[in-house]
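> Generate coordinates for the sequence data below:
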Amino acid sequence: MTDPALSKSTVHVIGAGPAGLMAAERLARAGVSVVVHDAMPSVGRKLLMAGRGGLNLTHSEGIEAFMARYREASATAASWLERFSPTHLIGWAEGLGGRVVLQSNGLARQ
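Numbering: from 1, shown residues only. Sure, this is the predicted structure:
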């Protein structure tokens, strides 16, 4: 849904890697004018390079084991994952037309 107040805003995203492009895409869908800046000559270089052999999106390990990696910051990271979990990430990629495959090693690859 487009918010009229946001459609008058311009947001500058610094970095055209996966996170920057995802942020820009979400903002644009909300009606925000987005300008993406990057030091590299083309955007999404990590995505382009990883596309040769597949791109590891997320891991299928249990949430408890995953959160243990964040140690003292685990409560903060848990709040992020409540709003955007690995399942959400896979759904987002599939919504863009990507095919996500769960490999035997537990990695979800596109």
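
> residue ranges with poor pLDDT in the chain?
For the chain, the stretches flagged by pLDDT under 70 are 1-7, 46-56, 104-110.

> Show me where it has its helices.
Along the chain, counting by DSSP state H, helices occupy 18-29, 45-50, 63-68, 74-83, 86-95.

> Would you format those helices as a markdown table with mean neighbour count included?
C-betas here are computed from N, CA, C, even on glycine. Output for the helices of the chain, formatted as a markdown table (neighbours: other CB atoms under 10 Å):
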| stretch | mean neighbour count |
| --- | --- |
| helix 18-29 | 15 |
| helix 45-50 | 13 |
| helix 63-68 | 12 |
| helix 74-83 | 11 |
| helix 86-95 | 14 |
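
> Rebuild the ones you listed as CSV, extending it with distance to Val36.
Below are those laid out as CSV (distance: least, CB to CB, whole Å):
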stretch, distance to Val36
helix 18-29, 5
helix 45-50, 13
helix 63-68, 29
helix 74-83, 22
helix 86-95, 18
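
> Identify whichever of those helices lies nearest to Asp38.
For Asp38, the closest of the helices of the chain is helix 18-29, at 7.3 Å, according to CB to CB.

> for that closest one, packing partners?
Judged by 3 or more CB pairs under 8 Å, 6 or more residues apart in numbering; DSSP states H and E, helix 18-29 is in contact with strand 10-14, strand 33-37, helix 45-50.
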